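Peer 1: My questions are about this predicted structure, shown below with the sequence.
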Protein chains: 2
Amino acid sequence: MAGIPTLHDVARAAQVHPGTASRALNEDTRSMVSPATVERVLAAAQRLGYTANAVARGLRRQRSQTVGVLIPDLTNPMFAPIVRGIEDALSPMGFTAFVANTDNSEIKERRAFDAFRARQVDGFIFANARRDLGVIQDAFDLGVPAVLANRTTDIALFPWVAGDDDSGMRQIIEHLVELGHRRIAYIAGPQNISAGHVRTIAFRRYVEENGLSVQACPVVQGDAFDSPSGGAGVQHILQHYPTVTAIVCGNDMIAVGALAGLRDAGIACPAEMSIVGFNDMSLARDLLPSLTTVRAPMHQFGQKAAEMLLSELANNEVEKGVLLPTHLVERGSSGPAREHELAGR
Amino acid sequence: MAGIPTLHDVARAAQVHPGTASRALNEDTRSMVSPATVERVLAAAQRLGYTANAVARGLRRQRSQTVGVLIPDLTNPMFAPIVRGIEDALSPMGFTAFVANTDNSEIKERRAFDAFRARQVDGFIFANARRDLGVIQDAFDLGVPAVLANRTTDIALFPWVAGDDDSGMRQIIEHLVELGHRRIAYIAGPQNISAGHVRTIAFRRYVEENGLSVQACPVVQGDAFDSPSGGAGVQHILQHYPTVTAIVCGNDMIAVGALAGLRDAGIACPAEMSIVGFNDMSLARDLLPSLTTVRAPMHQFGQKAAEMLLSELANNEVEKGVLLPTHLVERGSSGPAREHELAGR
DNA sequence: GCGCACGATGCAATCGTTTGCACTGATGGT
DNA sequence: ACCATCAGTGCAAACGATTGCATCGTGCGC
């Protein structure tokens, strides 16, 4: 009486057996039940305000209609759109997501993985960033369905969706070359992070392909994908590579720090130094100068990854990997190379 | 054999009854089992890699160790820290969160509410922003445990945790008055949003308490808590209230738009116009000029709200409401009132 | 008019844990 | 020496849904 109505209550109200009520309520078994009974059951359910207990259903059906999402940090404007995309794709299909922040720590990652497995998630979306496999290997060994979002692995254990960082970097370099830059530095993110690794390789590649001097285009290693690393990187570049006229940053947060570093050093951007970011995070356009960057469709990463996972859960064939296009967004932080390097410094 | 080991498997391996195994595995029933048996069961569980099925346990125990979180938009740098705080508080206690974005839509809100109830969440954290009650009333009527984060309701149905917006606004006005401003405009967020309402009232109050002319301190209504509203607000203010020397913004996103609007209008900030935001979102310090704003401890909102909910779920007494302190962060976007208003325009 | 098929429903097992209760020895007090 | 107590364990019923199988009429074909 009191409390949440159960299937039994509905069945009793409709004068049928719980089994019949279940079939009447369920879309794809409804045809087994006579129309009159269906109507009676539906009415009773309506009247009592019945909603099926997803936990009980999950137990019996052995599928919980939930997925686990591992992401470095929800708070990072870079990543939030991914989980938004995931939820936008999941919720219309009756799925919901468990989200955990890994902070790139294997401990946290594993803890979340175990917690989610205990909760019988139907699959995982790994948007965690560390380049080594960690729980991804475990998931593979255990045969747990999963999809990678915003990353790949060296050996492709799972379907993945990621941005075309290689093309993005090509566009950046070509853009800068076109503006007359010949000495371009790169502030790289950590190489143990998937994106950090890929982008550094691409930077080197396109520096070379565009006939730039590799010596004149140094790669400065940042500690993290954050703004302090950008500040430190700029300082290092100004000190050791004073002839550089443009700085490419491993991502937008690094670029934020780089812009601040330039201001601290009294160097005008883009007049004296161009800065380019990567990702086009929210607010990138609102910085001053507004940030030239490569737009990576983070929301789509999440959405597509979720769709692929659902498709896999439905036993449909699924692509081995999806590379979403990236494109350069030219804004205020990049401009023509200054004519007289070193002038006035 | 194949598949995930169950309690039965552990029991069989340890040569005990599943009931005994359950008691041995569970911290607070362990004392009912002889030490020797406990050890045997633990060893078996270890060996088989057993983890309890949280779904089955949830069904039996009638508590899922999950909570539902309703938030306007994960993607908004304003809100992400709240859910981060929630998860940081929940996960050490073995709880996990379901998160849904409401986009301030009652439809989405209700859909998520129902979905989470079906999943037998133990309680809710409402960080959704609409001022009317919506699902909060439903939760109350149904007797579902809940806590409000980053908001209150007119009638206090649930415990809440929020920032001291009133004090924050006082600090803003005092700061501006101290800088010599006497004609201060306010670009308000929507009044049907909890924060929008509270802050507008506080603005009016402290304008008055500081002896400013209410006529000289107009409130301009924004459509949303976003940057376009800030741009539109600035335009409106410049046109209709040209003597204003400082603009307070309903939140930082509005301030972002306001800063851009000033740039478009060729008005220097802070030299000709001061701008103050609200919330101190991430990147607020990285704007140019860096944004003077009120720091609201969003992460703490989430954390505290989660703690209160857990406390309530454990049947402990819980505060009726918690008001966390806010404080002004003086940065570059606010400065002395210009001497000669209208000069040169 | 008989049998077969089939539509509609009931029955009961099952998913994996937890937990109140019953049972069994052994202990200890008198 | 006997009974009460108690620690330790087994038993089985839940929790709330789903689903293979059995059952029961009824209608149809021959």
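Peer 2: Thanks, I have the structure now.
Peer 1: from the middle of its chain, how far away would stretch A:155-164 be?
Peer 2: 12 Å (C-alpha atoms, centre = their mean, to the nearest Å).
Peer 1: Using CSV, write out every CA atom in that stretch.
Peer 2: Presented in CSV, the C-alpha positions along stretch A:155-164 are these (Å, rounded to 0.1, in the frame of the first residue of the first chain):
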residue,chain,number,x,y,z
ILE,A,155,47.5,-1.6,-30.0
ALA,A,156,43.8,-1.2,-30.8
LEU,A,157,42.1,-3.2,-28.1
PHE,A,158,38.8,-1.3,-28.5
PRO,A,159,37.0,0.8,-31.0
TRP,A,160,37.9,4.4,-30.6
VAL,A,161,36.9,7.9,-31.6
ALA,A,162,39.3,10.7,-31.7
GLY,A,163,40.1,14.0,-33.4
ASP,A,164,42.5,14.2,-36.4
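Peer 1: mind listing what's buried in it?
Peer 2: Of the residues in stretch A:155-164, A:157-164 count as buried by neighbour count, 16 or more other C-beta atoms under 10 Å in any protein chain shown. Where C-beta positions appear, they are placed from N, C-alpha and C, glycine not excepted.
Peer 1: Narrow the residues you listed to those in strands?
Peer 2: A:160-163 (DSSP state E).
Peer 1: Take the residues you listed and write them to TSV, including pLDDT and distance to A:Ile254.
Peer 2: As requested, these are exported to TSV (pLDDT from 0 to 100; distance: C-beta to C-beta, whole Å):
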residue	pLDDT	distance to A:Ile254
A:Trp160	97	24
A:Val161	97	23
A:Ala162	96	19
A:Gly163	96	17
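Peer 1: Can you show me the strands along chain A?
Peer 2: Along chain A, the segments classed as strands by DSSP E run A:66-71, A:96-101, A:123-126, A:146-149, A:160-163, A:184-188, A:219-221, A:246-249, A:274-276, A:293-295, A:321-324, A:327-329.
Peer 1: Let me see the contact set for A:Leu259.
Peer 2: When contacts are counted by C-beta atoms under 8 Å, 6 or more residues apart in numbering or on different chains, A:Leu259 is found next to A:230, A:269, A:275, A:287, A:289, A:291, A:333, B:286.
Peer 1: hmm, 7 Å instead?
Peer 2: Applying C-beta atoms under 7 Å, 6 or more residues apart in numbering or on different chains to A:Leu259 gives the contacts A:269, A:275, A:287, A:333.
Peer 1: Excluding sequence neighbours, find me the nearest residue to the second one.
Peer 2: Leaving aside its chain neighbours, A:Ile275 sits nearest to A:Ser333 (4.4 Å; criterion: C-beta to C-beta, 6 or more residues apart in numbering or on different chains).
Peer 1: How much space separates that neighbour from B:Gly302?
Peer 2: To B:Gly302, A:Ser333 is 33 Å away according to C-beta to C-beta, to the nearest Å.
Peer 1: More neighbours: which of those two?
Peer 2: B:Gly302 (30 against 27; other C-beta atoms under 10 Å in any protein chain shown).
Peer 1: Could you check the pLDDT of the residue lying closest to A:Gly230 once chain neighbours are set aside?
Peer 2: Sequence neighbours aside, A:Gly257 is the residue nearest to A:Gly230 in space, at 2.5 Å (criterion: C-beta to C-beta, 6+ apart). On the pLDDT scale, A:Gly257 is placed at 97.
Peer 1: Would you mind listing the residues in contact with the residue in the stretch 151-300 of chain A positioned nearest to DNA strand D?
Peer 2: DNA strand D sits closest to A:Pro159 of the stretch 151-300 of chain A, with a gap of 26.2 Å, by C-beta to the nearest atom of the strand. Applying C-beta under 7 Å, 6+ apart, we find A:Pro159 in contact with A:147, A:308, A:318-321.
Peer 1: want to throw the ones in strands among the buried residues of stretch A:155-164 into TSV with distance to B:Ala296?
Peer 2: Formatted as TSV, these follow (distance: C-beta to C-beta, whole Å):
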residue	distance to B:Ala296
A:Trp160	38
A:Val161	35
A:Ala162	35
A:Gly163	33
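Peer 1: between those residues, which is closest to chain B?
Peer 2: A:Gly163 (17.3 Å; C-beta to the nearest C-beta).
Peer 1: State the distance from the closest one to A:Gly250.
Peer 2: 14 Å.
Peer 1: One more: A:Gly233?
Peer 2: 9 Å.
Peer 1: Need the residues touching each of the two.
Peer 2: Joint contacts of A:Gly233 and A:Gly250 (C-beta under 7 Å, 6+ apart) are A:187, A:222.
Peer 1: more crowded one of these two?
Peer 2: The residue with more neighbours, out of A:Gly233 and A:Gly250, is A:Gly250; 31 against 26, by other C-beta under 10 Å.
Peer 1: mind listing what that one touches?
Peer 2: A:187-189, A:196, A:199, A:222, A:225, A:278.
Peer 1: and those residues, which two are the farthest apart?
Peer 2: Checked with C-beta to C-beta, these reach their widest spread between A:Gly222 and A:Phe278, with 12.2 Å between them.
Peer 1: Where do the helices of the stretch 201-345 of chain A begin and end?
Peer 2: Using DSSP state H, counting those that start in this stretch, the helices of the stretch 201-345 of chain A run over residues A:227-240, A:252-265, A:298-313.
Peer 1: okay if I get these as TSV plus distance to DNA strand C?
Peer 2: Shown next, in TSV, are the helices of the stretch 201-345 of chain A (distance: least, C-beta to the nearest atom of the strand, whole Å):
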stretch	distance to DNA strand C
helix A:227-240	44
helix A:252-265	42
helix A:298-313	18
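Peer 1: B:Val207: which of those helices is closest?
Peer 2: The nearest among these, by C-beta to C-beta, is helix A:252-265 at 34.2 Å.
Peer 1: pLDDT score for A:Pro228?
Peer 2: 97.
Peer 1: Now it: closest residue in space that isn't a chain neighbour?
Peer 2: Nearest one to A:Pro228, counting by C-beta to C-beta, 6+ apart, is A:Gly257 at 5.8 Å.
Peer 1: swap in A:Ala202?
Peer 2: A:Met169 (3.7 Å).
Peer 1: Help me confirm that A:Thr37 comes into contact with A:Ala24.
Peer 2: Yes. Counting by C-beta atoms under 7 Å, A:Ala24 is a contact partner of A:Thr37 at 6.1 Å.
Peer 1: of those two, who's got more company?
Peer 2: A count of neighbours by other C-beta under 10 Å puts A:Ala24 above the other of A:Thr37 and A:Ala24, at 25 against 18.
Peer 1: which residues touch the more buried one?
Peer 2: A:30, A:33, A:37-38, A:41-42.
Peer 1: Low-confidence bits of the stretch 51-200 of chain A, can you list those?
Peer 2: Within the stretch 51-200 of chain A, the set of residues satisfying pLDDT under 70 is empty.
Peer 1: How about the residues of it by DNA strand C?
Peer 2: The stretch 51-200 of chain A comes close to DNA strand C at residues A:56, A:59-60, A:62, as judged by C-beta under 7 Å from any atom of the strand.
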